[in-house]
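Q: build me a model:
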Amino acid sequence: SVVNIFATANDGYIFGFWSGLVANRVSAGTTVSMSQPLSVTASFIPIDRARIGTALYQDIFAALSAAAQNDLIEAQGVIFTGGMRVDKGFAVRLKGGVDSGFNTIPGGMTTIQGTLTIVTGSLAVDRLTLR
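A: Residues are numbered from 1 along each chain as shown. Reported below is the predicted structural model:
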């Protein structure tokens with residue numbers, strides 16, 4: 001019998017490909033012909049939602065971890081969940097509210113849903129909200 005399957009990505013990911021005996025490896029929706037028990041696996045790719053220069057990062061927290069003195073972190077206008085701790089010992093800049101091409105969205109904001117703690121150094125922010 002033929003079984004329809006569909007892979008749904010969690011927030012922050014997109015569908016990548018199927019491994020196993022599927023009709024279409026690169027489509028999130030495909031079919032499997034079942035004549036015996038078998039296993040298929042959907043793989044997902046993280047969406048890069050922050051950048052420093054041309055270097056892409058999955059989220060604002062990874063970008064902050066990689067930041068050097070006076071770097072500008074650009075973050076998409078989405079909600080990042082978790083605490084952000086700045087303990088760099090130098091200045092870092094953060095600009096939120098950009099789209100997937102890292103162009104400024106008029107009125108766009110990036111949200112950190114969690115805490116922002118600055119231990120050492122400084123963080124200059126533009127277009128950032130805290131919840």
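
Q: and the next helix or strand past the helix or strand hosting E74?
A: Applying DSSP states H and E as the criterion places E74 in strand 72-76. Tracing the chain past strand 72-76, the next element assigned as helix or strand by DSSP H and E is strand 79-81.

Q: now the strands for this protein?
A: 2-6, 13-19, 29-33, 41-46, 50-52, 55-57, 72-76, 79-81, 84-98, 110-113, 116-126, 128-130 (DSSP state E).

Q: can you tell me which of the ones you listed is nearest to S65?
A: strand 55-57 (8.4 Å; C-beta to C-beta). In short, each C-beta sits where N, CA and C put it, glycine included.

Q: stretch 29-48 spans what distance, first to last residue?
A: Counting by C-alpha to C-alpha, to the nearest Å, you get 23 Å between the two ends of stretch 29-48.

Q: which outside residues touch that stretch?
A: 1-7, 9-10, 12-24, 28, 56-58, 100 (C-beta atoms under 8 Å, 6 or more residues apart in numbering).

Q: next: stretch 73-80.
A: Here stretch 73-80 makes contact (C-beta under 8 Å, 6+ apart) with 49-52, 59-61, 63-64, 67, 92-100, 102, 105, 108-114, 127-128, 131.
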